[in-house]
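Novice: Got a predicted model here, sequence first, then my questions.
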Amino acid sequence: MLLRFLPLLIINLLVLSPAWSQPAKMVKDANPGGGWGAIWNTRMVRFGNAIYFMGDDGVHGSELWKSNGTAIGTVMVKDINPGKESSRPSRLMVATNQLFFVADDGVHGQELWRTDGTAAGTRLVKELTPGNNEESAISYESLGTVGSTLLFGFVQNYENRLWLSDGTAAGTLMLKNLEPGLGVSGYINYKGRLYFSANDGVHGKELWQSDGTVAGTTLTKDLTPGEVGTVISDMIVFQAKLYFFADTTYQNNAKGKPHGSGLWQSDGTATGTGQVYDIKPAVKALYNVQNLTRAGDRLYFHLIKQTQVTTTEIWKSDGTAGGTGLVKAIDKAGVYALAPLGNSVLFTAKDPAHGMQLWKSDGTPAGTGLLKSIADSKSGFGIGFDLGVIKSTLFFSADDGVHGIELWQTDGTPAGTKLSQDIDPGNPPQPRITPTSQPTHGLVKLTRQPVPNPKQFRVLSTDGLYFIADDGVHGRELYRIPYNSVK
């Protein structure tokens with residue numbers, strides 16, 4: 001009898017199943033019955049065989065949690081601030097054998113902590129600001145890690161200086177009399193060293209490097225001679241060299257004279273650090289370059305020309321002056337995010353005709369344009385922001401004007417760009433007139449409010465893609481797309 005109805009059953013399953021047969025699943029309902037869910041605005045990082053984040057089970061407050069992708073392996077690491085009070089762990093930074101973060105145990109205020117992934121191995125590193133001081137002296141502009149050493153900013157007597165920590169109290173001290181540059185885009189690991197922008201009071205803000213020792217923390221090159229300093233951003237490793245944008249004219253150009261960042265490269269030495277391409281002569285207008293992104297054998301970025309009419313241009317580079325140039329000018333369109341997919345780059349762009357949509361560039365003028373109109377310009381926001389790439393599929397959030405902000409996918413073709421999963425079937429499309437209905441910056445559905453940094457709220461691991469979502473029932477919880485579920 002079963003065989004008789006089996007073909008009909010298969011047909012029904014094919015009709016009812018979404019495109020990816022429910023690839024994303026909630027890992028665990030960590031806060032059962034909690035209307036807000038277990039996870040709020042939190043940075044997620046991969047450390048060892050698990051991901052770490054700030055979670056709240058409704059009993060212990062916001063504490064440090066970890067997950068190996070299973071319900072039983074999703075647990076609180078330690079109740080740092082005992083009881084219902086929260087330690088609010090933040091600024092998670094991974095070293096070789098330890099994870100650094102900032103937390104408040106209710107006694108010492110916001111201070112530097114470390115963990116090896118166990119409750120016993122989770123402890124206060126050093127009390128840098130004595131007493132329960134809510135106004136922490138840690139600047140939170142953590143530069144990054146070199147091996148098992150953390151480099152971070154620490155404010156003392158109203159001065160922000162570069163410190164280091166090996167995870168011990170004795171090994172936590174000022175590294176050098178440097179004022180570190182701001183922003184998570186201002187540091188990168190390259191050839192076993194950490195590269196960042198900093199100001200020593202003599203050269204202005206310039207490119208520095210450190211191996212985690214005093215002697216090994218040196219100025220790479222004074223790109224703008226004197227105390228003026230250089231605006232450095234978007235550092236990325238490409239073809240065994242460090243590439244970045246550097247504006248050496250921002251401070252010392254006359255008012256109204258064009259300025260802007262050129263494309264630079266460095267092999268870590270002063271002689272091997274130089275400008276690849278000066279964009280100003282090609283643009284001949286005030287501009288801003290952003291989103292240096294590696295895709296296959298090219299670098300992509302976009303710039304904004306600020307003339308009487310603001311326009312956006314997509315550029316590419318193979319790392320040489322001759323191979324750097326304009327791909328296509330997108331008239332009256334704003335570009336907001338770039339994501340690599342194979343040798344092409346996908347990006348969100350907004351123009352008067354289509355609103356916010358998904359675009360693509362393969363590095364040619366003919367191959368640069370609207371990939372697919374997900375929603376009309378009046379009914380929805382269309383494209384959101386990227387979550388991550390598994391194999392040859394990019395997952396992202398979007399609102400098509402019907403399902404609300406949900407999980408989408410693309411293989412880089414119009415036919416392969418589709419709704420991946422309606423995680424919250426009751427999630428209505430967002431009215432464009434509502435200020436809080438902006439795209440959720442990399443989250444499928446976290447909150448009506450936008451969040452500041454899409455990259456912080458998801459993590460791509462070897463076993464899949466982790467992100468935060470709200471199915472309308474359990475609140476904000478941890479979700480995972482298993483690597484093997486994607487073809």
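Specialist: Cool, the structure landed.
Novice: Next secondary structure element downstream of the helix or strand of the chain with the lowest mean pLDDT?
Specialist: Sorted by mean pLDDT, DSSP states H and E, the helices and strands of the chain end with helix 2-16, the least confident at a mean of 30. Later in the chain than helix 2-16, the nearest helix or strand by DSSP states H and E is strand 25-28.
Novice: residues in contact with that next one?
Specialist: 67, 69-71, 74, 466, 469, 471, 474, 477-480 (CB atoms under 8 Å, 6 or more residues apart in numbering). C-betas here are computed from N, CA, C, even on glycine.
Novice: hmm, which of those residues are the buried ones?
Specialist: Buried positions within the contacts of strand 25-28, assessed by neighbour count (16 or more other CB atoms under 10 Å), are 67, 69, 74, 466, 469, 471, 474, 477-480.
Novice: Can you show me the helices along this protein?
Specialist: 2-16, 280-283 (DSSP state H).
Novice: circling back: so can I have JSON lines of the contacts of strand 25-28 showing distance to residue 246 and pLDDT?
Specialist: Output for those, formatted as JSON lines (distance: CB to CB, whole Å; pLDDT from 0 to 100):
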{"residue": "67", "distance to residue 246": "39", "pLDDT": "93"}
{"residue": "69", "distance to residue 246": "40", "pLDDT": "91"}
{"residue": "70", "distance to residue 246": "45", "pLDDT": "93"}
{"residue": "71", "distance to residue 246": "48", "pLDDT": "95"}
{"residue": "74", "distance to residue 246": "43", "pLDDT": "96"}
{"residue": "466", "distance to residue 246": "34", "pLDDT": "85"}
{"residue": "469", "distance to residue 246": "38", "pLDDT": "82"}
{"residue": "471", "distance to residue 246": "45", "pLDDT": "82"}
{"residue": "474", "distance to residue 246": "46", "pLDDT": "84"}
{"residue": "477", "distance to residue 246": "42", "pLDDT": "87"}
{"residue": "478", "distance to residue 246": "39", "pLDDT": "88"}
{"residue": "479", "distance to residue 246": "39", "pLDDT": "88"}
{"residue": "480", "distance to residue 246": "39", "pLDDT": "88"}
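Novice: Surely residue 303 and residue 292 touch.
Specialist: No: between residue 303 and residue 292 there is no contact under CB atoms under 8 Å: 10.8 Å.
Novice: Now for those two: what residues contact both?
Specialist: Contact criterion CB under 8 Å, 6+ apart; residues shared by residue 303 and residue 292: none found.
Novice: Nearest to residue 225, out of the contacts of strand 25-28: which one, please.
Specialist: Among the contacts of strand 25-28, residue 466 lies closest to residue 225 (CB to CB), at 45.7 Å.
Novice: wait, what's in contact with the nearest residue to residue 392 once chain neighbours are set aside?
Specialist: The shortest distance from residue 392 to any non-neighbouring residue, by CB to CB, 6 or more residues apart in numbering, is to residue 411 (5.8 Å). Residues in contact with residue 411 (CB under 8 Å, 6+ apart) are 341, 392-394, 417.
Novice: about what we covered before: quick one: which of the buried ones among the contacts of strand 25-28 is nearest to residue 144?
Specialist: Comparing these against residue 144 with CB to CB picks out residue 466 as the nearest, at 21.3 Å.
Novice: can I assume the closest one is in contact with residue 44?
Specialist: Yes: taking contacts as CB under 8 Å, residue 466 lies within contact range of residue 44: 6.2 Å.
Novice: and residue 264, what are its bridge partners?
Specialist: On the basis of DSSP bridges, residue 264 takes part in beta bridges with residue 244, residue 275.
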